[in-house]
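# Build me a model from this:
(one chain, ligands or ions: 1)
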Amino acid sequence: MCNVIVVGGGASGLTAAIFAARNGHRVTILEHKDRVGKKILMTGNGKCNLTNMSDFHGKYYSSDEKSLQRIYDTLVRFGAKDTRAFFEGLGLYTREKRDGCVYPVSEQASAVLDVLRNECGRLGVRTVTDCAVETISSQKRGGRVGVLHCAKNGDKRKETIAYDKLILAAGGNAAPASGSDGSGYRLAASLGHRLVKPLPALVQLRCEGSFFKSVSGVRAQAGLTLYIDGRAAALEQGELQLTDYGISGIPVFQFSRLAARALDSRRACEVGIDFLPFVQEADRDSFVRRNFDNAAFGGKTVEELLSGMVHKKVAAMLCRRHKIGAGVRVPEAGKKAARGCMEALFDFRVRVVGTNPFENAQVCSGGVPIGEVDDCFASRLCKDVYLVGELLDCDGICGGYNLQWAWATGAIAGASV
Ligand SMILES: Cc1cc2nc3c(=O)[nH]c(=O)nc-3n(C[C@H](O)[C@H](O)[C@H](O)COP(=O)(O)OP(=O)(O)OC[C@H]3O[C@@H](n4cnc5c(N)ncnc54)[C@H](O)[C@@H]3O)c2cc1C
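Modelled structure (predicted):
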């Protein structure tokens, strides 16, 4: 029997603790927030999209092809079906909804956390909260962690705890209010691990243009193309949300990590918004001509013409950008200006200047390179240490893929201790 210390009581840490304890080890979770699993409660808008039944290929990112293959191999060993079976074994039933997304039948993230905590309790896993792991010193066998206990009354106390095996499950930098404040990266680096620069992912994009204030709050079903250095890098479709600083919504989140990494390497980023994705590319000319003629002969204003196709705020903004006054009718505006406005609806370009910070991000891209852990997530650099979850250089798109990675790596590492 080993003394296993798990640093971080998030999705990966709780799973690792359960699998290690099932093998008969004495397991302690050290968590620096006042309770474990805070981020789990925030997932899926409080419903917890805990995995996805669709093919996982193409849903994850890492820095190279080899690492990506390692991610896929991991998900073959512990995939969505295994996750559902694991939770069903804990008494939590799940349901597959749209696009393969799986939720607890109760649609309550708290139910997911409850079964994990109950199982930890049943297995005798010790959970210590309000304590931050500050240092890890590895020894010939096992090692020691330096812990800072912070009592509710503000008292602080330092302690050193010995371990035979350590599972570092401290997460990344995203949503630091939930506890993942980047200290996992510092601890991994102190053991000799490299870091692929962590950047926010699944996050809103900040764009150039004072006009955003006038369209803030608009939601539209749109097609979006991300251009990096002028070349199309990703295509998404879904509900776009316009904000006073830029763009948000699931389709934006899906390619935000590509934009974040491109901007970090000083490449130019643009997003082309197609506000009329229901018009096929081949039909666009005739669509514009038909609507222009109808509006011209019917005496509509340009703004009225556009308001039949997009949100009024967007129509007004486009008219202003094309210098067409509010009451100007289509024939008065002239063919070129009115058509120009309509054509802009198919490819409205905005320049991306940044992402929102880690505080707003759902995950981090980057982290400890996957090549620095073995197939069981044991560090190749530091004996008796495992690294799991978001701390590693793996990030998935929206849809349950990130939690799936956390469960899978936690389960494999915990079972192999
Ligand atoms: C708003 C939001 C919604 C999301 N929705 C979904 C979703 O529906 N589906 C999905 O698949 N993914 C979702 N995600 C992403 C998913 O939650 C994460 O990828 C996943 O929780 C990562 O698990 P983890 O165990 O690696 O890290 P975390 O869950 O971040 O856990 C790390 C834990 O370690 C603790 N810790 C950190 N440093 C220390 C230290 N030094 N000492 C002690 N403890 C420490 C932290 O307090 C934390 O409890 C969402 C994320 C957010 C922010």
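# CA only for contacts and neighbour counts going forward, please
Will do.
# what element comes up after the longest strand that the chain contains heading to the C-terminus?
Using DSSP state E to define each element, the chain has its longest strand at strand 231-242. Next in sequence after strand 231-242, counting helices and strands by DSSP states H and E, comes strand 246-248.
# Could you list the buried residues of the next helix or strand after that following strand?
Using DSSP H and E, the helix or strand that follows strand 246-248 in sequence is helix 250-264. Using 16 or more other Cα atoms under 10 Å as the test for burial, helix 250-264 gives 250-263.
# what about G399, how many residues close to it?
24 (other Cα atoms under 10 Å).
# all numbers from here: first residue = 23
That works, and once the first residue is 23, the last one we named lands at G421.
# for F314, what are its contacts?
F314 sits next to 352, 357, 360-361 when contact means Cα atoms under 8 Å, 6 or more residues apart in numbering.
# The residue nearest to V332 when sequence neighbours are not counted and D95, how far apart?
Excluding its sequence neighbours, the residue lying closest to V332 (Cα to Cα, 6 or more residues apart in numbering) is F297, at 6.9 Å. To D95, F297 is 39 Å away according to Cα to Cα, to the nearest Å.
# higher neighbour count, these two?
F297 (22 against 13).
# Contacts only, for the more buried one.
242-245, 332, 367-370.
# 7 Å instead?
By Cα atoms under 7 Å, 6 or more residues apart in numbering, the contact set of F297 is 244-245, 332, 367-368.
# Which element, helix or strand, includes F108?
helix 102-111.
# what pLDDT, on average, does the very next helix or strand once past that helix get?
Using DSSP H and E, the helix or strand that follows helix 102-111 in sequence is strand 116-118. The pLDDT scores in strand 116-118 average 98.
# Quick check: buried residues in the helix holding F108?
Quick answer for helix 102-111 (16+ other Cα under 10 Å): 102, 104-106, 108-109.
# which residues sit against it?
Residues contacting helix 102-111 (Cα under 7 Å, 6+ apart): 73-75, 115-116, 426.
# Mind listing the strands the helix or strand harbouring V26 pairs with, and their directions?
Per DSSP H and E: V26 is located in strand 25-29. The strands beside strand 25-29 in its sheet (DSSP bridges) come out as strand 48-52 (parallel), strand 187-190 (parallel).
# Can I get that strand in CSV, CA atoms only?
Extracted in CSV, the C-alpha atoms of strand 25-29 (Å, rounded to 0.1, in the frame of the first residue of the first chain):
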residue,chain,number,x,y,z
ASN,A,25,0.8,6.9,0.4
VAL,A,26,-0.7,8.7,-2.6
ILE,A,27,-1.0,12.5,-2.5
VAL,A,28,-3.3,14.1,-5.1
VAL,A,29,-2.7,17.8,-5.7
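# Can I get the helix holding F108 in CSV, CA atoms only?
Taking Å, rounded to 0.1, in the frame of the first residue of the first chain, the C-alpha atoms of helix 102-111 are listed here in CSV:
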residue,chain,number,x,y,z
ALA,A,102,-16.9,8.3,-23.5
LYS,A,103,-18.4,4.8,-22.9
ASP,A,104,-16.0,4.2,-20.0
THR,A,105,-16.9,7.6,-18.5
ARG,A,106,-20.6,6.8,-18.6
ALA,A,107,-20.0,3.3,-17.2
PHE,A,108,-17.8,4.8,-14.4
PHE,A,109,-20.5,7.3,-13.4
GLU,A,110,-23.3,4.7,-13.8
GLY,A,111,-21.3,2.6,-11.4
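# so does it get close to the ligand?
No - Helix 102-111 lies out of reach of the ligand by Cα under 6 Å from any ligand atom, never closer than 11.0 Å.
# how deep is the closest residue to P126 other than its chain neighbours tucked in, by neighbour count?
Once flanking residues are discounted, P126 sits nearest to T116: 4.1 Å by Cα to Cα, 6+ apart. When counting by other Cα under 10 Å, one arrives at 21 neighbours for T116.
# of the buried residues of helix 102-111, closest to H79?
Of all those, A102 has the smallest distance to H79: 12.8 Å, by Cα to Cα.
# residues contacting whichever residue of the stretch 223-372 of the chain sits closest to the ligand?
At 8.5 Å from the ligand, L224 is the closest residue in the stretch 223-372 of the chain, using Cα to the nearest ligand atom. By Cα under 7 Å, 6+ apart, the residues touching L224 are 275-276, 278-279, 383-385.
# same question, H171
H171 makes contact with 152-154, 178-180 under the criterion Cα under 7 Å, 6+ apart.
# Next, it: secondary structure please.
strand (DSSP: H, G, I helix; E, B strand; the rest coil).
# Likewise for the one 4 residues further on?
What three-state DSSP gives for N175 is coil.
# Quick one: low-confidence residue ranges for the stretch 173-322 of the chain.
Scanning the stretch 173-322 of the chain for pLDDT under 70 picks out no residues.
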